[in-house]
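Visitor: This is a predicted model, with the sequence first.
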Amino acid sequence: MSKRLAGKVCVITGTGGTMGHCAARFFASEGALVVGCDIDAASAAATVSAVQADGNDMISLHPCDLTDAQNARALVAAAIERHGRIDVLYNNCGMAYFEWFPVMPHELFKKTISEELDVYFHVTQAAWPHLIAAAGTSVINVASASGKIPFKVLPAAAHMAAKGAVLAWSRQLAMEGGPHGIRVNTISPGIVETNQTRKFISDPAWWGPMRDRLMIERPGQPEDIVPAAVYLASDESRWVTGADIAIDGGASAW
């Protein structure tokens, strides 16, 4: 069988995290030439080692803080220097900070916007001319179920603002990118078990109300999310743009 991403140059941000690690290995297993990055140099390097141990191709820029536009330009430059083009940009990185709105410091709000929205802006703007040049390209932005619905046990005012913005911004980019052959879509995961969420999922007082919002009463796994990104990166989705794929166990369906 042919690999679905054979020869495609795929920039994936946040490859040191649980989701990014899974994405890098999955994309590479489908033939992608992966260019990753992460602010955590050790975890980013571990992902590169894992991909290469699988016999696949990956390089990474780390440490790389994408809240700084200069670092975003450096990531894109690394991809162009190595491969000469960019076919796919998978904006996966991000960090949210949670506090109930009445007591949330504005600095915390701004920090979440910076680390969940600005990071996408900087790298996408840096990559845009190269996405136009390659033609038939794809941008995949990770949004969230929290961009659409609140959860009683999640103090997510800042996170909801950032991810709601990702959804709206992505539709605008889909319109602007369409004439240039750039497709822009979003994936909206629900609660996924990662290194960051595992401690909350193990707390019955927190997980009970979250589970009650799910039609499929278990947390998601990275392997539940990444195949949708592979589809959006592949030519199978060549007529899909401006779309959002909800992968949230049914949480946003009622």
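Guide: Good, I have the coordinates. Note that the structure is a prediction, hence the values are computed from the model and not measured. Numbering: from 1, shown residues only.
Visitor: show me the contacts for the most centrally placed residue in the chain.
Guide: For the chain, the residue sitting closest to the mean C-alpha position, by CA atoms, centre = their mean, is N92 at 1.9 Å. Listed by CB atoms under 8 Å, 6 or more residues apart in numbering, the contact partners of N92 are 12-15, 17, 19-20, 23, 142, 229. Where you see a C-beta, it was placed from the backbone N, CA and C, and this is true even at glycine.
Visitor: could you pull out the helices for the stretch 1-150 of the chain?
Guide: For the stretch 1-150 of the chain, the helices defined by DSSP state H, counting those that start in this stretch cover 18-29, 41-53, 69-83, 106-113, 119-134.
Visitor: on contacts alone, who are the packing partners of the last one?
Guide: Right, helix 119-134. strand 9-13, helix 69-83, strand 88-91, strand 137-142, helix 157-177, strand 182-189 (3 or more CB pairs under 8 Å, 6 or more residues apart in numbering; DSSP states H and E).
Visitor: Apply 7 Å and report the result again.
Guide: helix 69-83, strand 88-91, strand 137-142 (3 or more CB pairs under 7 Å, 6 or more residues apart in numbering; DSSP states H and E).
Visitor: can I get these in JSON lines with mean pLDDT, mean neighbour count and distance to F121?
Guide: Listed next are those as JSON lines, based on pLDDT from 0 to 100; neighbours: other CB atoms under 10 Å; distance: least, CB to CB, whole Å:
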{"stretch": "helix 69-83", "mean pLDDT": "98", "mean neighbour count": "17", "distance to F121": "8"}
{"stretch": "strand 88-91", "mean pLDDT": "98", "mean neighbour count": "29", "distance to F121": "9"}
{"stretch": "strand 137-142", "mean pLDDT": "98", "mean neighbour count": "26", "distance to F121": "10"}
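Visitor: Now L117: closest residue in space, sequence neighbours ignored.
Guide: Leaving aside its chain neighbours, L117 sits nearest to A162 (4.7 Å; criterion: CB to CB, 6 or more residues apart in numbering).
Visitor: Please read the previous query as pertaining to L173.
Guide: In space, L173 is closest to V184, 4.3 Å off (CB to CB, 6+ apart).
Visitor: List the contacts of that neighbour.
Guide: Going by CB atoms under 7 Å, 6 or more residues apart in numbering, V184 touches 139, 170, 173-174, 177, 241-242.
Visitor: If you rank the residues you listed by neighbours, which is first?
Guide: Counting neighbours by other CB atoms under 10 Å, the top entry in the contacts of V184 is V139, with 28 neighbours.
Visitor: which residues touch L154?
Guide: 98, 146.
Visitor: three-state assignment of it?
Guide: Here L154 is recorded as coil under DSSP: H, G, I helix; E, B strand; the rest coil.
Visitor: looking at the contacts of N92, which has the most residues close by?
Guide: When the contacts of N92 are compared by neighbour count (other CB under 10 Å), T15 ends up highest, at 36 neighbours.
Visitor: quick one: low-confidence parts of the stretch 1-150 of the chain?
Guide: 1 (pLDDT under 70).
Visitor: now with 80?
Guide: Scanning the stretch 1-150 of the chain for pLDDT under 80 picks out 1-2.
Visitor: out of the helices of the stretch 1-150 of the chain, nearest to M215?
Guide: Checking the helices of the stretch 1-150 of the chain against M215 by CB to CB gives helix 18-29 as the closest, at 21.8 Å.
Visitor: and the closest one, what does it pack onto?
Guide: Looks like helix 18-29 contacts strand 9-13, strand 33-37, helix 41-53, helix 222-233 (3+ CB pairs under 7 Å, 6+ apart).
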